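In: can you look at this prediction? I've put the sequence above it.
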Amino acid sequence: MVNCNPETVSTDYDTSDRLYFEPLTAEDVLEIVRKEQENGELLGVIVQYGGQTPLKLAATLDREGVPILGTPYDAIDLAEDRERFQKLVVKLGLKQPENATATSREAAIAVAAGAGYPLVTRPSYVLGGRAMEIVRDEAGLRQYLATAQIEISEDEPLLLDHYLDNATEVDVDAISDGKDVFIAGVMEHIEEAGIHSGDSACSLPPYTLSDATIRELEDQTKRLALALGVIGLVNVQYAIKGDDIYILEVNPRASRTAPFVAKTTLLPIAGLGAKVMAGVSIAELKLKKPVLNHTAVKEVVFPFARFPGVDTVLGPEMRSTGEAMGIDIDFDRARAKSLLGVVARIPMTGTVFISLKDGDKPLMLGSARRLLDMGFKIIATGGTADYFIAQGLDVSKVNKVLEGRPHIVDALKNGEVHLVFNTTEGAQSIKDSRSIRTTALSQKIPCITTATGARSTVRAIEAMRTGALEVRPLQEYVA
């Protein structure tokens, strides 16, 4: 095992026979390989268990003649190379969002219009979504190119994807042996596409998708894994907009969702994947699709409380530092447990402040009505309040900070608000509403910044109000 991070389980003394506590650079890894070769034949190295870092090393290892177990380097490059992968998607008759590739800052401006704004910028081989951003127009792209600390070149181009507003994102984890593909888990994100998958809560099994959609996702994953030549683990991220399924990216490696899938299904996904990389077939492993009698929800832990004044709005760059998991017989109770797992102080009574971007107002109407039915009071800024009032809801108006006192920040500081739902878009709007989110953070008031997250939180509150949550062994849920 080669690992330079003392915080991870892979540095435990009993995880490997030998642990090299060294930097994960090409030079250091090659030195370790040569050292191991002194002890005899090196059968190969595994690059699927360290995120993007070992995948970036795969090219050097392949060039130096170091055998890679599992998915070969050419297949890794096929998944990462935008033009090669796009040709494969077209050949398979599948869909991707409109996209473009830029090998320089000047080229990015020229090709962006072809993909169509808004765009998600995606540097090659990024870790944790670093330097990913949603840009709404050419001015936003120029600002990004001027400020983002990234290198753009032929070897590491900038990827520009058309951003699908209000799409549902899905992760699928699978194991492939080159002939058969075993679907380990299909996870529906709670936050909409555009929020980094590491910052999005998710549900296994999906909580809103139809059986037909799930079957289609599984089928597309199998076709992609076999066409790519994956041997071992693979993760595919999709966006669903209406009846259309779009492929966002394919990762020929273990994703951060693998431990969540393993705990939910009681299948040792990492170990099974390693066996397949070593030459064991899926047929020999006799893998069977787990039958779940429960729903598991992964919730994320953010470090915002340690950084006073930071803006808590979520985006395509990952900011979370941990995860918690809730399990119960249905989604609402599992979601409630996951929120409790991250020590979210979700209120059962009190006042909820709601301020929404225009596109989210119809989406939140039902949830606002349910809050009122449960006895909550709702206050909202002008546009949101006017919309709800026009729909017959009993909502009170509160001033924005720019509209003069008393305003919403005063109400937050005075302890008059117990829960905040604030969604926004556009640089100016985000800037104008920042004080709401930073004040909520300093006052320890839960603040949800996506409509889908807010709706699921309302459902969790309803579940918690129906009675105490129970604790049961996981084995009782999995058949």
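Out: Received, thanks.
In: any stretches of the chain with poor pLDDT?
Out: Low-confidence segments of the chain (pLDDT under 70): 8-11, 125-130, 477-479.
In: need the longest helix for it.
Out: Identified as the longest helix of the chain according to DSSP state H is helix 211-228.
In: longest strand of the chain?
Out: Criterion DSSP state E: the longest strand present in the chain is strand 181-192.
In: within the sheet, what are the partner strands of that one, with directions?
Out: Note on strand 181-192: by DSSP bridges, its sheet partners are strand 168-176 (antiparallel), strand 202-204 (antiparallel).
In: report the inter-axis angle for that strand versus helix 211-228.
Out: Computed by axes from the mean of the first three to the mean of the last three CA atoms, to 10 degrees, the angle separating strand 181-192 from helix 211-228 equals 120 degrees.
In: that older thread, and the longest helix of the chain, what's buried?
Out: Across helix 211-228, burial judged by 16 or more other CB atoms under 10 Å covers 213-214, 216-218, 220-222, 224-228. For the C-beta atoms, the positions are set from N, CA and C on the backbone; glycine is no exception.
In: between the residues you listed, which is closest to R370?
Out: T213 (25.5 Å; CB to CB).
In: give the contact list for that closest one.
Out: T213 makes contact with 240, 245 under the criterion CB atoms under 8 Å, 6 or more residues apart in numbering.
In: out of the strands paired with strand 181-192, which gets nearest to Y246?
Out: Closest of the strands paired with strand 181-192 to Y246 is strand 168-176, at 9.9 Å (criterion: CB to CB).
In: using PDB, write out every CA atom in that closest one.
Out: Extracted as PDB, the C-alpha positions of strand 168-176 are listed here (Å, rounded to 0.1, in the frame of the first residue of the first chain):
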ATOM      1  CA  THR A 168     -31.700  15.000 -11.100                       C
ATOM      2  CA  GLU A 169     -28.200  13.500 -10.700                       C
ATOM      3  CA  VAL A 170     -27.600   9.800 -10.200                       C
ATOM      4  CA  ASP A 171     -24.500   7.800  -9.300                       C
ATOM      5  CA  VAL A 172     -24.300   4.100 -10.300                       C
ATOM      6  CA  ASP A 173     -21.500   1.900  -8.900                       C
ATOM      7  CA  ALA A 174     -20.700  -1.400 -10.700                       C
ATOM      8  CA  ILE A 175     -18.100  -4.200 -11.000                       C
ATOM      9  CA  SER A 176     -17.200  -5.400 -14.500                       C
END
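In: now that strand, how far from the chain's geometric center?
Out: The gap between where strand 168-176 is centred and where its chain is centred comes out at 11 Å by CA atoms, centre = their mean, to the nearest Å.
In: buried ones in that strand, by neighbour count?
Out: Across strand 168-176, burial judged by 16+ other CB under 10 Å covers 168-176.
In: tabulate those (CSV), appending distance to A75.
Out: Output for the buried residues of strand 168-176, formatted as CSV (distance: CB to CB, whole Å):
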residue, distance to A75
T168, 28
E169, 24
V170, 22
D171, 20
V172, 17
D173, 17
A174, 14
I175, 15
S176, 10
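In: which one of those residues is nearest R465?
Out: Proximity of these to R465 (CB to CB) peaks at T168, which lies at 26.8 Å.
In: nearest residue to the closest one in space, please, no chain neighbours.
Out: Leaving aside its chain neighbours, T168 sits nearest to I240 (4.5 Å; criterion: CB to CB, 6 or more residues apart in numbering).
In: beta partners of the one you found?
Out: Counting by DSSP bridges, the residues bridging with I240 are T168, I245.
In: now do the same contact list for it.
Out: The contact partners of I240, by CB under 8 Å, 6+ apart, come to 167-170, 209, 213, 246.
In: again, 10 Å this time
Out: Residues in contact with I240 (CB atoms under 10 Å, 6 or more residues apart in numbering) are 164, 167-170, 188, 193, 206, 208-209, 213, 216-217, 246.
In: just the CA atoms of the longest strand of the chain, as CSV, please.
Out: C-alpha atoms of strand 181-192 as CSV (Å, rounded to 0.1, in the frame of the first residue of the first chain):
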residue,chain,number,x,y,z
VAL,A,181,-21.3,-6.4,-15.2
PHE,A,182,-22.7,-6.4,-11.7
ILE,A,183,-24.7,-3.4,-10.6
ALA,A,184,-23.8,-2.7,-6.9
GLY,A,185,-26.0,0.4,-6.3
VAL,A,186,-28.0,3.1,-8.0
MET,A,187,-28.0,6.3,-5.9
GLU,A,188,-30.3,9.3,-6.5
HIS,A,189,-28.8,12.6,-5.4
ILE,A,190,-31.0,14.8,-3.2
GLU,A,191,-29.4,18.1,-4.4
GLU,A,192,-29.9,18.8,-8.1
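In: show me the helices in the stretch 201-350 of the chain, by range?
Out: Secondary structure of the stretch 201-350 of the chain by DSSP state H, counting those that start in this stretch: the helices cover 211-228, 258-265, 269-277, 282-285, 331-341.
In: including distance to A112, could these go into JSON lines?
Out: JSON lines is the format used below for these (distance: least, CB to CB, whole Å):
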{"stretch": "helix 211-228", "distance to A112": "27"}
{"stretch": "helix 258-265", "distance to A112": "34"}
{"stretch": "helix 269-277", "distance to A112": "37"}
{"stretch": "helix 282-285", "distance to A112": "42"}
{"stretch": "helix 331-341", "distance to A112": "37"}
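In: distance from the chain centre to the stretch of helix or strand L365 belongs to, please.
Out: Under the criterion of DSSP states H and E, L365 resides in helix 361-373. Between the centre of helix 361-373 and the centre of its chain there are 26 Å (CA atoms, centre = their mean).
In: for it, buried residues please.
Out: 361, 363-364, 367-369, 371-372.
In: can you check stretch 339-349 too?
Out: Applying 16+ other CB under 10 Å to stretch 339-349 flags 339-342, 344, 346 as buried.
In: next one: stretch 443-452
Out: Buried positions in stretch 443-452, judged by neighbour count with 16+ other CB under 10 Å: 445-452.
In: distance from the chain centre to the regular element (helix or strand) spanning A79, please.
Out: Here A79 sits within helix 73-80, counting by DSSP H and E. Centroid separation for helix 73-80 versus its chain: 22 Å, with CA atoms, centre = their mean.
In: now do the helix holding L365: which elements does it pack against?
Out: If you count contacts as 3 or more CB pairs under 10 Å, 6 or more residues apart in numbering; DSSP states H and E, helix 361-373 packs onto strand 351-355, strand 377-380, helix 382-390, strand 419-422, helix 451-465.
In: orientation of it relative to strand 181-192 in degrees?
Out: Going by the same axes, to 10 degrees, helix 361-373 makes 80 degrees with strand 181-192.
In: tally of neighbours for the residue lying closest to I175 once chain neighbours are set aside?
Out: Leaving aside its sequence neighbours, I175 sits nearest to F182 (CB to CB, 6+ apart; 4.7 Å). Using other CB atoms under 10 Å, F182 has 21 neighbouring residues.
In: quick revisit: closest one to L393 out of the buried residues of stretch 443-452, please.
Out: Distance to L393 across the buried residues of stretch 443-452 (CB to CB) is lowest for A451, with 16.1 Å.
In: what's the separation between that closest one and L365?
Out: Using CB to CB, to the nearest Å, A451 is found at 11 Å from L365.
In: did I read that right, D161 in a strand?
Out: Yes. Under DSSP: H, G, I helix; E, B strand; the rest coil, D161 falls within a strand.
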